[in-house]
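Undergrad: take this sequence and fold it.
(chains A and B)
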Amino acid sequence: MDLDALGHCLATAACVVTQTTSGLIVGMLLFLVAAGLTLIFGVLKVVNFAHGTFYMLGGYVAFTTLAVTSSYTLAVLAAAAAMALFGVLFERLLIARVYGSNVLMQLLICYAVVLIFDDVVKIVWGPDFHAMGMPPAFQVPPLFIAGGVVPPFYAVLIGIAAVIALALGLGLAMTRLGKTVRAAAINAPMVGVLGINTTLLFAVVFAVGGALAGLAGALAAPVRSLSPGMGFSILIESFIVTVIGGMGSIAGALVAALVVGLLRGFGTIGFPNFTDGMIYAAMILILVFRPQGLFGRRTA
Amino acid sequence: MRTRGIGRRSILGGTAGLLAAPWVARAQAKTLRIGMQSIFSGPIALVGTSSRAGVQMEVERINSAGGLLGRQIEIVYRDSKGQPQEAARVARELVNSAGCELLLDAEASSGAFAVQEVVRDLGVACIHCNSETSSLTADPKIRVPTAFRVARQGVHDAIAGSAYLAEFANANKITKWATCSPDYAYGRDTTAQYLQFFKKFKSDIEVVTEAWPKLGQPDLTEVITKLIQAKPQALFTLLYAGDLSAFVNQGNVYALFSQMKVACPNFDYPVLTTIKNLPAGIQAATRYIETFPDTAANKAWGESYRKKYNEFPTNWSWENSLAVQFMEAAVKKANSTDGKAVAAALVGMKVNSPFGVDGTITMRDDHTTIGYAIGWGQTVPQPPYITSVKPADWGKILELETEWKKQQHYI
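TA: Here you go, the predicted structure:
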């Protein structure tokens, strides 16, 4: 524990700016993955353990698209589109067959997909790690704001993630589709009885979840290493986010992802040996005192 | 009853003998089976695949020249998946069931220690090709009569690296250091070992901050910003492979490399060739590069490896190639594959090798190799990736290693 360092950091603008942006970037990328996870759980009550695989494949698709087209924008769009399609196929071909059945069956199917696609990645891209490299447009020196360091690429990432968070929130609240999704989250059979095509709706939910995870993978690819099995570490943190935020709540996922990001940003200064511990401790506190999560609904 | 019983046993015994004898005889006459175990699956499968490549090159050379003791070599591969209990199981299986007469253990350290105990039990000749943990051979309680190490050794690298970095720090008037290493035994113990020797060479250093990211942690941003906040003059890191690549990419985003000097002993080809914008001027040790030692033999080996496999060799590739060279020389000298005879031949053996700092590498009587190339230089973004390589002073390494062994009560 190094409270002196933490106090010193909190008292200097430079440190606060730097650590806050570093917390925001970690949090926002986490939010993109966790948002899909929580959306799928909210509507379908399926805990998608294969969600990390969407993130991993998104990163690899972006890597190859960039290599072929030299356009990072195309790479990001391709990753999101490919993972939307992958999400639909995953839902239609596999998950749709086990709705309402034993959770263990869902878990086994997800786990099988994780293992199979880890191996597919190894066969297609090789067992070794890859690095995409920074797109040339962002190969610029960092900005200095109040003495703190803010990389332009990260500022853009935070912006993109914030726009998506806003679009998701407004989309769910204001659009017809959003309202249907929310209704399905409360009572899917009733939505079906009202004549709405729930099969299509469920596929759309998986498409959105997949696209968000693919997008996160593509946005992270310039700075993170791509390797088979990389989806696993992000999956664990995403679960923590959904537990803290409340399973099924997009707003909860956003707040919890930012909390986790900021705990990392400042925890690494104040509690260098307990940064991960703090995140788990936060989750345990939530489970004890507010088991439904910050924004979750208490189930009857 | 009695007669019938004996009769049945003799028939059984005789049948077994008939079945077994030609098989044993054929095996003896034909192929010489060598077991090779490593990590061939999972995120660090590169350990296994590049080790195997190094072995294959040598075995093909030996076989095309008529084999070893007149017998063609057949390597029997087994995947331990990096699990120590599996490493121990496959070692036993290779010798007892697959008929291997010699063992190449290309496991990481956790597996190598498990294999070591199997070798103690079976008495087969074994060469550990990848474990760098010093105690495997340095600690007499762990050392095994028929097991040897043909690989880098942690303590050698720590002494060489500390000596180089102390000189570098003196030349650049650097006293304030930061460290950033993976948060498990290797990262913590080896950082401590480097610092211990570093302070011996340069007493006025101060560690202003330390960071311990998790192995495989995808985002190192908060670690990088913390390091920048602490304003050290230089950073020492033991991150490696994908984590090191991620660190460099994320560090570039924060212009970390222009704000402090950086030193790292783990820049090998897989990292050097993967990073798109490798910063110039990082102090880096050569795990393996074709240009150090700067000899025709080393360059030829590296080039033929690249031609054959269409990828750069790793540190594990040369270690495993060298292990086969030592095994070949020892079996020839002993004229046998018997564990004790091969062990006796290996002790004190010197082989000519492209990886030796003076063209030779010696197997010391404590079952570990010395004289292999250790050098430090600076990174450049294009091949040869590391330039101005200074060779380590093996005299100094051996002197301080002895002192360290005394401290550990190994001698």
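Undergrad: only C-alpha atoms from now on, for both contacts and neighbour counts.
TA: OK.
Undergrad: enumerate the residues of chain B near chain A.
TA: By C-alpha under 8 Å from any C-alpha of the partner chain, the residues of chain B that approach chain A are B:42-46, B:211-212, B:216-219, B:221-223, B:225-226, B:229, B:241-243, B:245-246, B:249-250, B:253-255, B:274-277.
Undergrad: narrow those to those in helices?
TA: For these, membership in helices holds for B:46, B:221-223, B:225-226, B:229, B:241-243, B:245-246, B:249-250, B:253, B:274, with DSSP state H as the criterion.
Undergrad: mind listing what's buried in the one helix or strand B:Glu319 maps to?
TA: Under the criterion DSSP states H and E, the helix or strand holding B:Glu319 is helix B:315-334. Within helix B:315-334, the residues that qualify as buried by neighbour count (16 or more other C-alpha atoms under 10 Å in any protein chain shown) are B:315-331, B:334.
Undergrad: what about dumping the CA coordinates of the helix or strand that it is followed by to PDB?
TA: The first helix or strand that comes after helix B:315-334 along the chain, using DSSP H and E, is helix B:339-346. Extracted as PDB, the C-alpha positions of helix B:339-346 are listed here (Å, rounded to 0.1, in the frame of the first residue of the first chain):
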ATOM      1  CA  GLY B 339      22.600 -43.100 -19.000                       C
ATOM      2  CA  LYS B 340      25.700 -43.400 -16.900                       C
ATOM      3  CA  ALA B 341      28.100 -43.700 -19.900                       C
ATOM      4  CA  VAL B 342      26.500 -40.700 -21.700                       C
ATOM      5  CA  ALA B 343      26.600 -38.700 -18.500                       C
ATOM      6  CA  ALA B 344      30.300 -39.500 -18.000                       C
ATOM      7  CA  ALA B 345      31.000 -38.400 -21.600                       C
ATOM      8  CA  LEU B 346      29.100 -35.100 -21.200                       C
END
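Undergrad: tilt between the helix holding B:Glu319 and helix B:339-346?
TA: Angle of helix B:315-334 versus helix B:339-346, following axes from the mean of the first three to the mean of the last three C-alpha atoms, to 10 degrees, is 100 degrees.
Undergrad: on contacts alone, who are the packing partners of helix B:315-334?
TA: The criterion is 3 or more C-alpha pairs under 8 Å, 6 or more residues apart in numbering or on different chains; DSSP states H and E, and the helices and strands that helix B:315-334 contacts are helix B:46-64, helix B:339-346, strand B:350-352.
Undergrad: the longest one packs against which elements?
TA: This points to helix B:46-64. So helix B:46-64, by 3+ C-alpha pairs under 8 Å, 6+ apart, packs with strand B:32-38, strand B:73-79, strand B:102-106, helix B:296-309, helix B:315-334.
Undergrad: avg pLDDT for the last one?
TA: Same thing as helix B:315-334. Helix B:315-334 shows a mean pLDDT of 98 in the predicted model.
Undergrad: pull the distance from it to the chain's centre.
TA: On the basis of C-alpha atoms, centre = their mean, to the nearest Å, helix B:315-334 sits 13 Å off its chain's mean C-alpha point.
Undergrad: likewise stretch B:305-316?
TA: Remark: stretch B:305-316 is offset 16 Å from the chain centroid, using C-alpha atoms, centre = their mean.
Undergrad: same question for stretch B:34-42.
TA: Distance of stretch B:34-42 from the chain centroid (C-alpha atoms, centre = their mean) equals 14 Å.
Undergrad: circling back to that earlier point, would TSV of the helices and strands packed on helix B:315-334 with mean pLDDT, distance to B:Val155 and mean neighbour count be doable?
TA: Putting the helices and strands packed on helix B:315-334 into TSV (pLDDT from 0 to 100; distance: least, C-alpha to C-alpha, whole Å; neighbours: other C-alpha atoms under 10 Å in any protein chain shown) gives the following:
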stretch	mean pLDDT	distance to B:Val155	mean neighbour count
helix B:46-64	96	21	20
helix B:339-346	98	22	20
strand B:350-352	97	21	16
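Undergrad: any idea which of those gets closest to A:Val191?
TA: Ranking these by distance to A:Val191, with C-alpha to C-alpha as the measure, places helix B:46-64 first at 51.1 Å.
Undergrad: still on that earlier bit, ranking the ones in helices among the residues of chain B next to chain A by neighbours, who comes first?
TA: The most neighbours of any of these, using other C-alpha atoms under 10 Å in any protein chain shown, belong to B:Ala246, which has 31 neighbours.
Undergrad: could you chop chain B up by domain?
TA: Each domain of chain B is listed here as a residue range: B:31-152+B:300-372, B:155-286+B:374-407, per automatic domain parsing.
Undergrad: closest to A:Met132 out of those?
TA: Between A:Met132 and the domains of chain B, the tightest spacing by C-alpha to C-alpha is seen for domain B:155-286+B:374-407, at 7.2 Å.
Undergrad: burial of A:Gly245, as a residue count?
TA: Around A:Gly245 sit 28 other residues, with neighbours defined as other C-alpha under 10 Å.
Undergrad: distance of it relative to chain B?
TA: For A:Gly245, the distance to chain B under the criterion C-alpha to the nearest C-alpha, to the nearest Å works out to 21 Å.
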